[in-house]
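In: sequence and predicted structure below; questions after.
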Amino acid sequence: MANKKQQAGASLLGLTAKKEEDFSEWYTQVITRAEMIDYYTISGCYILRPWAYAIWEKIQRWFDDEIKKLGVQNAYFPLLVSKAALETEKSHVEGFAAEVAWVTKSGNSDLAEPVAIRPTSETIMYPSYAEWIRSHRDLPLKLNQWTSVVRWEFKDPVPFLRSREFLWQEGHTAHSTKEEGDEQVLSILDLYSKIYSHLLAVPTVKGTKSEGEKFAGGLYTTTVEGYVPTTGRGIQAATSHHLGQNFSKMFKIQFEDIKGEKQFAWQTSWGLTTRSIGILIMVHGDDKGLVLPPRVAPIQVVIVPILMKKVDTAAIIGKAKEIADQLKAKGFSVQVDDRENYNPGWKFNHWELKGVPIRVEFGPKDFEKNQVVLVRRDTGEKETVAIADVESRVPTLLEEIHNALLAKATKTRDEHIAEVREWKDFGAALDARNLVLAPWCERESCEDDIKKTSGEESKLKIAENKGETGTIKLTGAAKTLCIPFEQKPLEAETKCVRCAEKAKRWTLFGRSY
């Protein structure tokens with residue numbers, strides 16, 4: 001075990017911003033000092049360093065295996081889309097128009113026709129679907145691609161959350177019936193929910209987007225919504241859309257059914273992005289840095305030999321590597337940090353900053369007693385374990401860490417879903433860092449009014465509290481996050497939280513990213 005002297009110099013490594021005091025600066029420090037992100041010369045574009053990309057690879061590998069069980073195949077379609085194709089579905093392109101990046105030159109010459117860099121791939125893929133699908137025997141067609149897209153955001157960019165280029169997967173399927181499409185949409189949504197709970201230890205709410213928030217040109221959109229406790233904001237974690245027959249009619253994706261009659265295909269599309277990594281960071285991170293759930297941690301266990309003068313360092317390092325090899329043989333990612341130019345205190349802080357779930361301390365006394373000290377990143381708790389028991393204890397401890405992170409995040413989220421029935425309580429609930437569950441009429445005009453009024457009330461509070469410091473100020477308009485699938489009974493004649501119309505369902509509102 002390390003003593004106080006071994007912590008010397010470690011204070012120079014780590015974060016200076018506090019998560020609860022300056023969240024924006026804290027987030028910036030975490031992603032840069034933990035070597036997740038580096039900045040690029042083009043604003044809004046970022047370099048994903050290996051530590052971040054390894055997390056994405058783990059998400060990618062798990063999801064890719066799962067969708068293949070559903071009969072989905074991977075493909076790749078071109079980056080560029082013609083203006084004519086992009087504008088085929090008017091309401092769809094209007095949803096992205098302000099964010100589309102155009103290529104207008106080749107060298108010094110103007111292109112005869114500008115081409116767009118894909119903001120999404122419906123208009124790139126569906127002309128091919130129209131060529132490939134002729135009969136009901138060609139259905140279902142289920143394709144996915146792992147790629148990047150460009151959306152030229154004008155808002156303040158935030159790494160992982162909002163950037164001009166980001167990595168994602170996008171799935172596109174075609175079916176002979178609406179019901180098959182419905183089943184596909186929900187199967188994918190379940191997988192998205194599991195990515196967050198099973199891999200990232202983050203709870204989400206499954207639901208349907210309002211008409212105003214659904215995917216442009218689609219029939220309906222389902223979503224998993226997360227919650228960031230420090231800011232009290234909701235965040236869209238992933239979406240799965242039923243496109244109906246709108247796109248198939250526009251792109252003439254038709255098939256001959258079993259009766260020999262021409263029908264338009266029913267389609268779905270669904271996507272998950274590297275935003276998932278940002279959600280993970282914001283939910284679990286603390287004032288020491290990242291806190292990584294074990295199933296996506298690039299390194300799950302780091303072994304730090306504590307080396308001193310007048311001891312057999314070779315024997316200690318050799319035993320540490322032997323322990324590492326035993327754990328690696330069991331399928332765990334392990335690293336021995338035997339660097340001689342850093343002291344133990346520096347190493348402890350370094351690996352805490354990077355969020356490694358378990359640190360193993362192994363010094364001369366531990367060597368003599370045939371034991372190690374296991375330290376949890378999430379709680380800092382330490383336990384002494386016999387070397388012979390390390391192989392059995394580590395997997396159990398990793399499971400305990402995952403479950404504890406998920407339980408903590410779920411408890412915090414649940415405590416910050418406020419049930420509100422009257423508008424006078426709506427703003428105060430938001431200001432208390434809550435999501436708001438309220439009865440709603442589901443009219444688009446009412447949602448517009450909620451956004452407008454909550455935004456105006458927020459601006460008034462900013463003006464009233466101008467000059468105050470010390471805590472994170474919660475500002476901005478609220479919108480619908482989703483209409484949750486899980487609905488508790490709504491009493492007859494219950495009024496909408498905002499207007500006098502009859503409420504249809506409980507709806508989750510919040511300020512959001």
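Out: Here it is on my side, so go on. Numbering: from 1, shown residues only.

In: which stretches of the stretch 251-400 of the chain form helices?
Out: 275-284, 313-329, 344-353, 364-369, 390-415 (DSSP state H, counting those that start in this stretch).

In: most packed of the ones you listed?
Out: Most buried of these, by mean neighbour count (mean count of other Cβ atoms under 10 Å): helix 275-284, with a mean of 24. Heads up, the C-betas are built off the backbone N, CA and C, glycines and all.

In: which outside residues touch that helix?
Out: With Cβ atoms under 8 Å, 6 or more residues apart in numbering as the contact definition, helix 275-284 has outside contacts at 27, 30-31, 36, 52, 55-56, 59, 158-161, 166, 195-196, 200-202, 226-231, 235-238, 290-293, 296, 355, 378, 405, 409.

In: circling back: I'd like the helices of the stretch 251-400 of the chain laid out as a markdown table, including mean pLDDT and distance to Ile303.
Out: Shown next, in a markdown table, are the helices of the stretch 251-400 of the chain (pLDDT from 0 to 100; distance: least, Cβ to Cβ, whole Å):
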| stretch | mean pLDDT | distance to Ile303 |
| --- | --- | --- |
| helix 275-284 | 98 | 23 |
| helix 313-329 | 97 | 5 |
| helix 344-353 | 96 | 10 |
| helix 364-369 | 96 | 11 |
| helix 390-415 | 98 | 10 |
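
In: JSON lines for those helices, including distance to Val103?
Out: Output for the helices of the stretch 251-400 of the chain, formatted as JSON lines (distance: least, Cβ to Cβ, whole Å):
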{"stretch": "helix 275-284", "distance to Val103": "26"}
{"stretch": "helix 313-329", "distance to Val103": "47"}
{"stretch": "helix 344-353", "distance to Val103": "40"}
{"stretch": "helix 364-369", "distance to Val103": "60"}
{"stretch": "helix 390-415", "distance to Val103": "42"}
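
In: quick one: closest of the ones you listed to Thr16.
Out: For Thr16, the closest of the helices of the stretch 251-400 of the chain is helix 344-353, at 12.1 Å, according to Cβ to Cβ.

In: name the helices or strands packed onto that closest one?
Out: Contacts defined by 3 or more Cβ pairs under 8 Å, 6 or more residues apart in numbering; DSSP states H and E place helix 344-353 against strand 301-305, strand 358-362.

In: swap the cut-off to 7 Å and go again
Out: If contacts are counted by 3 or more Cβ pairs under 7 Å, 6 or more residues apart in numbering; DSSP states H and E, helix 344-353 sits against strand 301-305.

In: direction included, what does the strand it packs on pair against?
Out: strand 334-336 (parallel), strand 358-362 (parallel) (DSSP bridges).

In: contacts for the shortest one, please.
Out: Just to be clear, that refers to strand 334-336. Ile299, Gln300, Val301, Val302, Ile303, Ala320, Lys321, Ala324, Leu327, Lys328 (Cβ atoms under 7 Å, 6 or more residues apart in numbering).

In: what about that strand, average pLDDT?
Out: Strand 334-336 comes out with an average pLDDT of 98.

In: hmm, back to that, present the strands paired with strand 301-305 as JSON lines; the columns should include mean neighbour count and distance to Phe23.
Out: Output for these, formatted as JSON lines (neighbours: other Cβ atoms under 10 Å; distance: least, Cβ to Cβ, whole Å):
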{"stretch": "strand 334-336", "mean neighbour count": "19", "distance to Phe23": "30"}
{"stretch": "strand 358-362", "mean neighbour count": "23", "distance to Phe23": "26"}
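
In: could you dump those to TSV with distance to Lys206?
Out: Below are these laid out as TSV (distance: least, Cβ to Cβ, whole Å):
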stretch	distance to Lys206
strand 334-336	35
strand 358-362	32
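
In: nearest to Ala492 among the ones you listed would be which one?
Out: strand 358-362 (53.9 Å).

In: if we can go back for a sec, compare the helices of the stretch 251-400 of the chain and give me the one nearest Leu139.
Out: helix 275-284 (30.4 Å).

In: the inter-axis angle of the closest one versus helix 390-415?
Out: 90 degrees (axes from the mean of the first three to the mean of the last three Cα atoms, to 10 degrees).

In: by mean pLDDT, which helix or strand of the protein comes out lowest?
Out: helix 90-96 (a mean of 70; mean pLDDT, DSSP states H and E).

In: which one of the contacts of strand 334-336 is nearest to Val72?
Out: Distances from Val72 to these, taken by Cβ to Cβ, are shortest for Gln300, at 28.8 Å.

In: average pLDDT for stretch 51-68, rounded please.
Out: 98.

In: contacts for that stretch?
Out: 34-37, 144, 146, 167, 169, 171, 191, 195, 199, 272, 274, 276-277, 296, 298, 354.

In: list the buried residues for that stretch?
Out: Of the residues in stretch 51-68, Trp51, Ala52, Tyr53, Ile55, Trp56, Lys58, Ile59, Trp62, Phe63, Glu66, Ile67 count as buried by neighbour count, 16 or more other Cβ atoms under 10 Å.

In: quick one: low-confidence parts of this protein?
Out: Residue ranges of the chain with pLDDT under 70: 1-13, 89-93, 95, 154, 465-474.

In: tell me which residue of the chain is furthest from the middle?
Out: Lys310 (48.9 Å; Cα atoms, centre = their mean).

In: for that one, what are phi and psi?
Out: Backbone torsions of Lys310, given as degrees, to the nearest 10, read phi 60, psi 30.

In: just to revisit the earlier point, nearest to Lys178, out of the strands paired with strand 301-305?
Out: Closest among the strands paired with strand 301-305, once you apply Cβ to Cβ, is strand 358-362, at 48.2 Å.
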